[in-house]
Structure formats: C-alpha cells, structure tokens
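Visitor: fold the following and give me the result.
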Amino acid sequence: MQQELLQHLATFVGFHSVSDRTEEKERALQWVEETFLFTSHAAVHRGAVSGAPYVYLEHPHPDFLWFAHVDVVPGSPEQFTMRIEGGRAYGRGTKDMKGGAVPFLLAYKHLTEEGIQPRTSILLTSDEETAGPTIPHLLDRGVLHTPVAFTPDTGSKPGIITEHKGVVWAELKAKGSGGHASSPWESKNPIWVLNSALQVLRDTFPPGCESDWRVTVVPTTLAGSNARNQIPEEVTCGIDIRFPLSECSSAKEALALVRKVLPADCELHEVRSAGPLLTDANHPMVQMVKSLAEESEGRSVEIIREHGGTDARYFCERGIPAFLYGPVGGNIHARDEWVSIPSLLKQYEISRKLLQTLA
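Guide: This next block holds a predicted model:
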C-alpha cells in the first residue's frame, strides 16, 4: 500500500502545475481522472473557469463533496522530483496539497474497483493558489450540489479545521507631488507618506503571535517610480488583511476598520476579498471524521481554527458547511515542503472507512 501511494504521489508532484502552466494543470487533471476515477459509475465533467481547468465527478445524490486543487506555488526544478528522507516525502505540493489528495483518491479507486460506489462527489480545481473563481462560479451556477463539503487542504497544525479568517487583498495608495530627487524640498515625497501609514498600521495591528485571533494587516508588495533619481507622484503597497468573524462581519467592515486609522493623502481600495469559514464543530459529518480519525490514529483529534484561508470559505458563504482535515506536514510553500508518510497512510485508512460508511 505504502509503495503504491508514494508512487502515485511522486507522479503527481512531477507535474509543474503552477498558475501559468495551463497545459501542465490539464495533464495533472487528466492523470487524476485516468488513474483514480475511471471505475466510478458517476458522471465526470471537465471544464474551465477563466482559463483554469477543473474535473468534477458528480454523484446524483452525494452525502458530501470532497474537493482539492492540483495547482501549486512555483518552485525550483528539483522540487518537482519527490524525495524520501526519514519518514517524510519532500517536494512541491507534497503537503499543499497533492499529498493531501492522493490518500482519498486512492481509497476511492480501491473501493470502486471492489464494486463499491461511494455516495460522494469529487471536485479538483486548478486555481486555489491564486484565489481563482472556479468554486464560487460553479456554486453560483448550480453546478455543485452537496449538503456538506470536505477537503484535506490543511496547514501545518494537526486537527480538524472548522474556522478560518476572511481575507481582503487591498491596495494602499499614498499621494504626493513628484520631482527630481536632487531637490527634495520642491516635492512632497509620497514614500514618506506611505512610510507613516505603514507604521500606523503596524502599531494598530501588530503582528502578534499564533494564539492571537484578531485582525492582521500585512504589507506585501511595493510599486513607485522606475527611476532612481525621480520622486514619484504616488506609490502603492499591496495589503493583506485577515479578519475573524468575531471582529468583522464582512470584508467591507474589515476595510473600514483599516481605513479609519490611515493618515491623510492615503487611499485604500479592495482588490479581492473572501469571507471567513465558520462551521459548527458538532456537525454530524465533522464528528464522523473526528471519530474515524481518532480510531485510526489512536489519539484525540482536536477541532481547531487556522489563520490562513482556503476554497472552503466559498461554501460557507453560500450556507454549505465545510471543513478540513489532512495529513501532517510542514514548510508549506517553502523549499523543503514535506509531508509525513505515516500520516498519509492514516489518511488513506480514514478516507477508506469514511467512504465505506457512506457507500
């Protein structure tokens, strides 16, 4: 079993399915369909939203929708060749989230080969890492139908995730008056204005620590003059805002909270936003997965929350409960991204039991 699982993961990791490699994403999805879904009796739909391909296996009466994404963040060429060291599999996407997907897909394949047809739908997208529109598009058009949604797209902390923060990507613009850098007294340099604004944001929304469950405001990108001797008219800074439902009920409220502390000559505009995830920890499907996980892993499995966000939020926004539980791993998006091999085997066992229970 372990060898089969790792061989599939190594193949999956080998696809360079980053955001600008549409052909690679299509190849990865085709491989998933031909490898894991071919013995299912359910209809398989293929499509694309804004150029991002997806595969959707539609059960007519699903007990739940399992979803995952095949896209990964960029990496160096060697990261797309999986290596195994000391009980861990290393490579781009081993944790986020090809390693999370393979155990479930393999369990589904094995059961359908045995003549069991689980009552689940399966969706694989290719635009999660860029906050793409595939899932909200399919939900809004009535393509996806499910009473609850489940994904193994978890972060580094082990536990079942039923809550994560909402997100606003915004652009902070500081205005001034341009001029020649040799005569700074003749201009109002917007970079100093931006500097003051960022200091205010840091003081008002300090980085804090992992246990803090509050609004965070983080500068991520900068743009201004393209000439070293030119004072620009304006400069912009990309801002990442994360907000818990306990502090802000919407992206609009989170933006207003940040705007009110900014100095004059600064503007804040939303680029993209998504709501928080909040699912009842006592939901029957959450409790079923918790029970199966505790049985398989021989430990207490906590219900937790995460600061990051996933496509699970889109289901929550439309009144569909969603939650996450995946394998143990770490260094997500980093050079030495890894996933625990024993955890992958436990995920296979949990997935198989879940699918058998609902077959």
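Visitor: my read is that T112 contacts T39, right?
Guide: Yes. With contact defined as C-beta atoms under 8 Å, T112 reaches T39; the gap is 4.1 Å. (Glycine included, C-beta is placed from N, CA and C.)
Visitor: for the stretch 251-359 of the chain, which segments count as strands?
Guide: With DSSP state E, counting those that start in this stretch, the ranges of strands along the stretch 251-359 of the chain come out as 266-274, 277-278, 303-306, 322-324, 329-330, 338-340.
Visitor: what's the neighbour count on R318?
Guide: R318 has 14 neighbours, counted by other C-beta atoms under 10 Å.
Visitor: er, E128 actually
Guide: Burial of E128 is recorded as 23 neighbouring residues (other C-beta under 10 Å).
Visitor: so it, which state does it fall into?
Guide: coil (DSSP: H, G, I helix; E, B strand; the rest coil).
Visitor: excluding chain neighbours, give the residue nearest to it in space.
Guide: Leaving out its chain neighbours, the residue that sits closest to E128 by C-beta to C-beta, 6 or more residues apart in numbering is H69, at 3.7 Å.
Visitor: so the one you found bridges to which residues?
Guide: T125 (DSSP bridges).
Visitor: residues touching it, list them.
Guide: M97, L124, T125, S126, D127, E128, E129, D153, D311 (C-beta atoms under 8 Å, 6 or more residues apart in numbering).
Visitor: per-domain residue ranges of this protein.
Guide: According to automatic domain parsing, the chain comprises the domains 2-164+277-357, 166-274.
Visitor: most tightly packed of those?
Guide: domain 2-164+277-357 (a mean of 19; mean count of other C-beta atoms under 10 Å).
Visitor: next, the distance between the ends of it.
Guide: Length of domain 2-164+277-357, first residue to last, C-alpha to C-alpha, to the nearest Å: 23 Å.
Visitor: give me the mean pLDDT for that domain.
Guide: For domain 2-164+277-357, mean pLDDT is 96.
Visitor: can you give me the helices in the chain?
Guide: 2-13, 22-36, 98-113, 134-140, 190-204, 251-259, 284-297, 312-317, 341-357 (DSSP state H).
Visitor: for the third one, what is the distance to the chain centroid?
Guide: Meaning helix 98-113. 20 Å (C-alpha atoms, centre = their mean, to the nearest Å).
Visitor: quick check: the residue lying closest to F12 once chain neighbours are set aside vs R352, distance?
Guide: Distance criterion C-beta to C-beta, 6+ apart; nearest residue to F12, sequence neighbours excluded, is K98 at 4.4 Å. Shown here: K98 relative to R352, a distance of 19 Å by C-beta to C-beta, to the nearest Å.
Visitor: about what we covered before: just name the closest of the contacts of H69 to R335, please.
Guide: E129 (16.6 Å; C-beta to C-beta).
Visitor: would you mind measuring from the closest residue in space to Q117 that isn't next to it in sequence to E58?
Guide: For Q117, ignoring the flanking residues on the chain, the nearest one in space by C-beta to C-beta, 6+ apart is H41 at 5.3 Å. With distances taken as C-beta to C-beta, H41 is found 11 Å from E58.
Visitor: contacts only, for V32.
Guide: So V32 contacts F12, V55, V70, A101, L105, L124 (C-beta under 8 Å, 6+ apart).
Visitor: what does C248 give?
Guide: Taking C-beta under 8 Å, 6+ apart as the test, what C248 contacts is G166, V215, A254, L257.
Visitor: stretch 129-138: how far from the chain's middle?
Guide: On C-alpha atoms, centre = their mean, the centre of stretch 129-138 falls 11 Å from the chain's centre.
Visitor: ok, and what's touching that stretch?
Guide: With C-beta under 8 Å, 6+ apart, stretch 129-138 has contacts from 19, 49-50, 52, 54, 56, 67, 69, 71-73, 123, 125-127, 144, 167, 169, 272, 274, 311, 314-315, 317.
Visitor: swap the cut-off to 6 Å and go again
Guide: S19, V49, S50, A52, Y54, D71, V73, T125, D127, L144, D311, Y314 (C-beta atoms under 6 Å, 6 or more residues apart in numbering).
Visitor: closest to E267 out of those residues?
Guide: Distances from E267 to those, taken by C-beta to C-beta, are shortest for S50, at 27.5 Å.
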